[in-house]
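Colleague: with the input below, show me the fold.
(2 chains)
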Amino acid sequence: GNSVTQMEGPVTLSEEAFLTINCTYTATGYPSLFWYVQYPGEGLQLLLKATKADDKGSNKGFEATYRKETTSFHLEKGSVQVSDSAVYFCALRDQGAQKLVFGQGTRLTINP
Amino acid sequence: DAGITQSPRHKVTETGTPVTLRCHQTENHRYMYWYRQDPGHGLRLIHYSYGVKDTDKGEVSDGYSVSRSKTEDFLLTLESATSSQTSVYFCAISDTSGSHEQYFGPGTRLTVT
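Modeller: Residues are numbered from 1 along each chain as shown, chains lettered A, B, ... in the order given. Purely as a prediction, here's the structure:
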């Protein structure tokens, strides 16, 4: 079945550090891939998405590239801020399906 | 922000009592979902709906039922709450256009004592 695996957290970085959160997936077809962010006490918000191989999603300085050859969708940001502290979820939606499959989430804390 | 509200936002109940959580949307989206969020498990799908009166089970549906009598409302019922159902519950919606991304409500924190 379909699955998403994220790097285990928590991840703690200093402000202005480079961020990578790894995400790999298993899917039977050609899925769409998503990163969601959850700030404390809130619901999930869509951060970025990619719908086909080699697409790059980007938003708020975050980027992720859909790599079919490595079945990966790693999240990166060049210079993190304290306000980026949140839980980040990688997810996939298989082709033709309406349900999302989520990774377990990665808690990110940025120290000033 | 997508127009999704959940009620109540917080609830404490006793084991064995029935509980109903409500999700309301103003976006006229076809699909609605109920998830639970627990530490170490991410989000797990409980039930979802693909239209009025059309629902299906997710991966953790035991102990839960749902109903959707109107496009805008999706109810989640715990017939007899158990302590293992203590969790944060999220509703989400999506439509059939574009990449079908889901938009989430603010969540309901349920504690079963």
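Colleague: distance from the strand or helix carrying residue B:22 to the middle of the chain?
Modeller: When elements are defined using DSSP states H and E, residue B:22 is found to belong to strand B:19-25. The gap between where strand B:19-25 is centred and where its chain is centred comes out at 7 Å by CA atoms, centre = their mean, to the nearest Å.
Colleague: what is it packed up against?
Modeller: strand B:4-7, strand B:10-13, strand B:31-38, strand B:73-78, strand B:87-94, strand B:108-112 (3 or more CB pairs under 8 Å, 6 or more residues apart in numbering or on different chains; DSSP states H and E). C-betas here are computed from N, CA, C, even on glycine.
Colleague: I'd like those strands as TSV, with distance to chain A and mean pLDDT appended.
Modeller: Supplementary listing: these in TSV, determined by distance: least, CB to the nearest CB, whole Å; pLDDT from 0 to 100:
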stretch	distance to chain A	mean pLDDT
strand B:4-7	8	96
strand B:10-13	11	97
strand B:31-38	5	95
strand B:73-78	14	98
strand B:87-94	6	96
strand B:108-112	9	97
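Colleague: could I get those as CSV with mean neighbour count and distance to residue A:54?
Modeller: Formatted as CSV, the entries for the helices and strands packed on strand B:19-25 read as follows, by neighbours: other CB atoms under 10 Å in any protein chain shown; distance: least, CB to CB, whole Å:
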stretch, mean neighbour count, distance to residue A:54
strand B:4-7, 17, 33
strand B:10-13, 13, 44
strand B:31-38, 23, 28
strand B:73-78, 19, 36
strand B:87-94, 23, 25
strand B:108-112, 18, 39
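Colleague: list the contacts of residue A:18.
Modeller: Remark: with contacts taken as CB atoms under 8 Å, 6 or more residues apart in numbering or on different chains, residue A:18 is in contact with A:76-80.
Colleague: export those residues as TSV, with columns for distance to chain B.
Modeller: Supplementary listing: the contacts of residue A:18 in TSV, determined by distance: CB to the nearest CB, whole Å:
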residue	distance to chain B
A:76	20
A:77	20
A:78	25
A:79	26
A:80	22
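Colleague: adding secondary structure as columns, could you present these in JSON lines?
Modeller: JSON lines is the format used below for those (DSSP: H, G, I helix; E, B strand; the rest coil):
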{"residue": "A:76", "secondary structure": "strand"}
{"residue": "A:77", "secondary structure": "strand"}
{"residue": "A:78", "secondary structure": "coil"}
{"residue": "A:79", "secondary structure": "coil"}
{"residue": "A:80", "secondary structure": "coil"}
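Colleague: need the residues you listed in a markdown table (columns: pLDDT and neighbour count).
Modeller: As requested, those are arranged in a markdown table below (pLDDT from 0 to 100; neighbours: other CB atoms under 10 Å in any protein chain shown):
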| residue | pLDDT | neighbour count |
| --- | --- | --- |
| A:76 | 98 | 15 |
| A:77 | 98 | 20 |
| A:78 | 96 | 11 |
| A:79 | 96 | 11 |
| A:80 | 97 | 20 |
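Colleague: next secondary structure element downstream of the helix or strand of chain A with the lowest mean pLDDT?
Modeller: Of all helical and strand segments in chain A, the minimum by mean pLDDT, DSSP states H and E falls on strand A:100-102, at a mean of 90. Next along the chain after strand A:100-102, taking DSSP H and E as the criterion, comes strand A:106-111.
Colleague: list the buried ones in that next one?
Modeller: Neighbour-count burial for strand A:106-111 flags A:106, A:108, A:110 (criterion: 16 or more other CB atoms under 10 Å in any protein chain shown).
Colleague: which one of those residues is nearest to chain B?
Modeller: Sorting the buried residues of strand A:106-111 by distance to chain B puts residue A:106 at the head of the list, at 9.9 Å, by CB to the nearest CB.
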